[in-house]
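Peer 1: would you be able to build a 3D model of this:
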Amino acid sequence: MDLKISKVQKVGKENSEFVRLSVENDCELGEYLIADSTYTNPGQISNKLRHVYWFPDQKVKKGDTVFLVTGKGTNSIKENGSNTIYQFHWNLNEGVWNDDGDVAVLFHEKEWEFTKSEK
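Peer 2: Numbers count the residues shown, from 1 in each chain. Purely as a prediction, here's the structure:
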């Protein structure tokens, strides 16, 4: 993948909790989703996804950094020398990674489709 989770930090409090991602190669951020899951056994995760965040469309370049803050705030883009720092807010009212067994899972989805449910 062209995007990599660097760390999940300050867990348990929505206003300070964040996931830091490193851009390994130029890519489209809108092709990525991040989710909260739990370990079921060492090295294995549950198929139950409790929170999912789909990044907005945004071209990013190798060396850029992306932060996803759990709490409320305004998204921002800041130049940092030759690289750019992107900060997105999930706008949740509680921490996501608040249990010892929680893990962040990054998905790369280039194609997707949806169907509206019918009554």
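Peer 1: could you point out the longest strand of this structure?
Peer 2: strand 32-41 (DSSP state E).
Peer 1: off-centre distance for the helix or strand just after that strand?
Peer 2: On the C-terminal side of strand 32-41, the nearest following helix or strand under DSSP states H and E is strand 44-45. From the chain centre to the centre of strand 44-45 is a distance of 18 Å (Cα atoms, centre = their mean, to the nearest Å).
Peer 1: show me what strand 44-45 is packed up against.
Peer 2: strand 32-41 (3 or more Cβ pairs under 8 Å, 6 or more residues apart in numbering; DSSP states H and E). C-betas here are computed from N, CA, C, even on glycine.
Peer 1: can you pull the pLDDT of the closest residue to residue 18 other than its chain neighbours?
Peer 2: Closest residue to residue 18 apart from its sequence neighbours, by Cβ to Cβ, 6 or more residues apart in numbering: residue 69 at 4.7 Å. pLDDT for residue 69: 95.
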